[in-house]
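J.: No letters, just coordinates:
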């Protein structure tokens with residue numbers, strides 16, 4: 001029998017494009033593809049891209065061991081409010097938790113303050129007369145007749161529910177009543193989708209836990225239908241490997257986990273690229289880096305200190321004010337901490353009532369797309385401005401596979417921007433370009449100030465189709481001096497899927513004063529969480545001997561309302577570690593707040609673990625441009641060194657830029673700005689006065705000088 005190479009494939013569904021990266025298990029063969037997303041049926045774009053990998057590159061589904069998948073489907077369902085009609089069963093007396101929220105105003109001076117409407121309206125909530133105490137003691141058990149009657153009421157409403165959230169008070173301490181209620185619902189209403197809070201998030205704080213469970217229930221039928229449809233169609237085409245789904249914490253889980261707890265899929269796409277940026281930062285010993293993902297629809301950022309990805313156990317979706325905490329829907333799950341920026345290549349530009357050019361948050365998406373795509377769109381977008389300014393080559397978009405229409409881009413800007421201002425065509429295009437850059441820079445400045453980092457000393461690492469085009473200009477606004485553009489930056493999120501180890505994050509609230517908890521209870525709680533994570537990874541094909549774990553505690557001084565994370569050494573608790581917990585906590589507290597000593601006692605609030613594969617999915621060896629240049633030349637239009645006219649902000653006019661094919665560059669090659677570096681999935685702008693070099697890892701490293709206007 002003929003030997004066949006085995007592959008692993010990463011698939012990232014974005015709002016405009018769906019990206020594909022295929023690699024053999026040694027990392028020596030590497031192929032990429034990009035197709036327009038199909039918003040109505042996302043699986044269609046996935047199958048189209050996989051078929052292109054087979055037809056063009058010879059990567060047949062029968063040769064694929066794993067498909068690792070990230071999608072914005074869950075996020076879009078929340079933002080666009082296209083989830084399922086959802087009901088809520090909660091402890092009697094707590095039906096209004098979703099409306100009361102935290103009782104705080106995120107902007108105390110705004111007399112017309114707005115917050116997002118709950119995903120479950122008041123008339124679809126029912127109280128159940130059960131009770132569990134904070135200690136875990138069951139004071140009153142659930143009544144089967146009551147639960148059945150309340151669910152039947154919800155199903156008889158005019159807006160019939162198709163999904164149900166169950167959130168009972170203190171179920172994190174003892175889920176017995178929730179488990180019983182879920183059993184009753186499944187027995188009497190087997191077709192109803194159910195989410196119970198103890199399965200979604202076993203953490204305290206009633207509002208956050210209820211909100212998270214409601215979000216999970218709201219998107220559950222949609223995600224289940226999508227995953228089942230995709231799995232079935234892949235199987236029909238001969239795929240016999242594993243389909244794994246990326247989570248927002250940077251881990252990868254099996255489809256059954258994703259269907260059971262779909263809230264974990266929120267923001268999964270941008271997270272995959274951040275993991276690659278962390279590897280790049282570590283390789284280059286960059287101690288501070290801004291990860292910047294700008295795709296076709298949105299842009300996200302992340303701050304990496306000491307090449308570590310910062311995680312949080314709460315974030316907000318659907319914010320009314322993207323820069324104000326408390327203006328959105330809180331979701332209490334482990335997540336890589338991302339900065340919400342909003343504008344992508346397809347973001348629509350407009351002129352507001354004051355005559356100021358604004359961009360986003362509305363996006364042209366894949367349908368109808370930017371005007372220059374010539375697919376029916378007429379609104380000016382960031383991509384249209386990039387094209388008019390000369391930073392995009394209309395004949396080399398996606399390696400020449402998709403020709404852009406410059407005239408349509410000009411027409412959209414003239415009609416929607418120039419006619420409503422006193423700007424000329426080039427000035428209107430530059431106004432769009434600058435507005436996006438300033439929005440991104442402002443978001444990074446604000447977040448850097450919040451967490452206390454000097455952004456001027458940080459390097460900028462852009463990816464996504466539009467990221468490298470805007471990166472140098474944004475970096476200059478941040479007074480950063482270095483931009484590192486990875487090879488294949490346009491599909492870096494899909495690449496991140498195949499190089500990131502499988503992992504899952506788990507947390508359990510178990511509040512205890514240090515003097516009152518014994519070592520055996522302490523150890524058994526960690527052991528239980530780690531074993532749960534191990535079972536998830538083993539079901540995904542990871543060997544038991546290759547599984548590692550990282551442990552943390554959330555701790556606070558006795559009487560405090562909020563806690564800080566405390567990292568612990570090793571995978572297994574020890575008596576010495578347990579005895580030194582208070583001292584360890586004080587050290588962390590002092591590092592964070594520069595003071596300590598409020599109380600002689602400390603509390604453990606939550607136990608947290610990250611369980612992960614000790615190895616990447618594929619070898620970390622980097623294939624060089626030289627290794628696949630010949631292959632690419634036969635598949636795509638290639639460009640040699642030449643020139644192209646583009647807008648130069650230092651002279652405020654168009655001038656000749658050198659044009660270079662990324663795959664013709666070798667280690668050590670140098671460039672001098674102004675230069676446009678063309679890549680199949682993207683393009684990078686090296687501005688006038690800047691110098692660039694291809695480093696030993698094939699990154700394009702741009703060194704920025706102080707900008708001087710002519």
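T.: It's in. Computed from a prediction, not measured in an experiment: that's the story for all the values here.

J.: longest helix anywhere in the chain?
T.: helix 206-236 (DSSP state H).

J.: pLDDT value on residue 617, please?
T.: Looking at residue 617, its pLDDT is 62.

J.: cool, and residue 625?
T.: At residue 625, pLDDT is 55.

J.: Next: residue 475.
T.: 92.

J.: so it sits in a strand?
T.: No: counting by DSSP: H, G, I helix; E, B strand; the rest coil, residue 475 falls outside a strand, being helix.

J.: Quick check, it in contact with residue 703.
T.: No: the criterion here is CB atoms under 8 Å, and residue 475 misses it with residue 703 at 10.5 Å. Where C-beta positions appear, they are placed from N, C-alpha and C, glycine not excepted.

J.: any residues in contact with both of the two?
T.: Residues within reach of residue 475 and of residue 703 at once, by CB atoms under 8 Å, 6 or more residues apart in numbering, are 481-482.

J.: Mind checking which of those two has more residues around it?
T.: residue 475 (28 against 14; other CB atoms under 10 Å).

J.: Tell me which residues touch the more buried one, please.
T.: Contacts of residue 475 by CB under 8 Å, 6+ apart are 460, 481-483, 704.

J.: Give me the subset of those residues lying in strands.
T.: Applying DSSP state E to the contacts of residue 475, the entries found in strands are 460, 482-483.

J.: Excluding sequence neighbours, find me the nearest residue to residue 180.
T.: Nearest residue to residue 180, sequence neighbours excluded (CB to CB, 6 or more residues apart in numbering): residue 142, at 5.1 Å.

J.: and the contacts of residue 475, which are buried?
T.: Among the contacts of residue 475, the ones that count as buried by 16 or more other CB atoms under 10 Å are 460, 481-483, 704.

J.: Out of those residues, which is nearest to residue 523?
T.: Nearest to residue 523 among the buried ones among the contacts of residue 475 is residue 460, at 43.6 Å by CB to CB.

J.: pretty sure residue 266 is touching residue 335, no?
T.: Yes: counting by CB under 8 Å, residue 335 is a contact partner of residue 266 at 7.5 Å.

J.: overlap in contacts of the two?
T.: What both residue 266 and residue 335 touch, as defined by CB under 8 Å, 6+ apart, is the set residue 248.

J.: before we move on, the earlier item: next SSE after the longest helix of the chain?
T.: Going down the chain from helix 206-236, the next helix or strand is strand 242-246, by DSSP states H and E.

J.: Which neighbours in the sheet does whatever helix or strand comes next after that next one have, and how are they oriented?
T.: Using DSSP H and E, the helix or strand that follows strand 242-246 towards the C-terminus is strand 252-254. Sheet pairing for strand 252-254, assigned by DSSP bridges, gives strand 242-246 (antiparallel).

J.: quick one: average pLDDT of the partner strand?
T.: pLDDT averaged over strand 242-246 gives 88.

J.: Next up, the contacts around the residue nearest to residue 180.
T.: By CB under 8 Å, 6+ apart, the neighbours of residue 142 are 128, 130, 177, 180-181, 184.

J.: out of those, which is most surrounded?
T.: Highest neighbour count within these: residue 181, with 28 neighbours (other CB under 10 Å).

J.: What does that one show for phi and psi?
T.: phi -60, psi -40 (degrees, to the nearest 10).

J.: Many thanks, we can stop here.
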